[in-house]
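1. 3D model of this:
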Amino acid sequence: MVEILEGANIRVDAQKVIIKGPNGEVQKIFPKQAQVKIDGKNVDVIVDDFALKGTLESLINNMFIGVTKGYKRNFKILHAHFPASIEVKGTEILIKNFLGEKFPRKTRLIGPTKMEVKGQNVTLSGPDKESIGQTITNLRNALKIKKKDARTFQDGIYEV
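-> Okay, here's the model as predicted:
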């Protein structure tokens, strides 16, 4: 059972679980074998597989935390050779001058994730923990060093 946090509202439409709160809204589609039931101030997941039950309850708990408190991750763009910069245009992220490249590397923001860039400091925030994690993975994949010795060229984005 997962306790409904104060300030959050949950709605279940068949396999879709929608949780709204002061920081936004998060939606997840759950497997068909799982049933989500609301019992007063608790949410219960009914499923035969014990491991799946724990996973789904953890997902619901993360959704409640995200819409009430939010998630935030801080990073720093480090460089030894060429100063790289990040620019956000809508949902597209442009990484300029990485390793002195003429053309910017591109990736994108996932879901309701917001990115704030101040100089070399990057902050990712939002209500959905999975979307923030996928955006970080997209950034790291876009900043992979190709055709150079990664031990010498350690430029990239690192968590602070």
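
2. Go through the helix or strand harbouring Leu124 and flag the buried ones.
-> When elements are assigned from DSSP states H and E, Leu124 belongs to strand 121-126. Within strand 121-126, the residues scored as buried using 16 or more other C-beta atoms under 10 Å are 122, 124-126. The way it works is simple: take the backbone N, C-alpha and C, and place the C-beta from them, glycine included.

3. Repeat that for stretch 134-154.
-> Buried residues in stretch 134-154, counting neighbours by 16+ other C-beta under 10 Å, are found at 134-136, 138-139, 142-143, 153.

4. per-domain residue ranges of this structure.
-> Domain segmentation of the chain under automatic domain parsing yields 2-68, 71-159.

5. Now the element after the longest helix anywhere in the chain, going C-ward?
-> Assignment by DSSP state H gives helix 50-68 as the longest helix of the chain. Next in sequence after helix 50-68, counting helices and strands by DSSP H and E, comes strand 71-78.

6. so what secondary structure elements neighbour that following strand?
-> Under the contact criterion of 3 or more C-beta pairs under 8 Å, 6 or more residues apart in numbering; DSSP states H and E, strand 71-78 touches strand 121-126, helix 129-142, strand 156-159.

7. partners of that strand, with directions?
-> strand 121-126 (antiparallel), strand 156-159 (antiparallel) (DSSP bridges).

8. Select, out of those strands, the one closest to Lys106.
-> Ranking the strands paired with strand 71-78 by proximity to Lys106 (C-beta to C-beta) places strand 156-159 first, at 14.7 Å.

9. List the buried residues for the closest one?
-> Under 16+ other C-beta under 10 Å, the buried positions of strand 156-159 are 156-157.

10. List the contacts of that strand.
-> If you take C-beta atoms under 8 Å, 6 or more residues apart in numbering as the criterion, strand 156-159 is touched by 73-78, 122, 139-140, 143, 145.

11. which of those residues lies closest to Gly54?
-> Top of the list for closeness to Gly54, among the contacts of strand 156-159 and by C-beta to C-beta, is Arg73 at 24.4 Å.

12. Identify the bridge partners of the closest one.
-> If you apply DSSP bridges, the partners that Arg73 bridges to are Leu124.

13. Pull up the gap between Ile157 and Ile93, please.
-> Separation of Ile157 from Ile93 (C-beta to C-beta, to the nearest Å): 11 Å.

14. which residues are in contact with both of those two?
-> Leu139.

15. any idea of the mean pLDDT for the strand holding Leu124?
-> Strand 121-126 carries an average pLDDT of 96.
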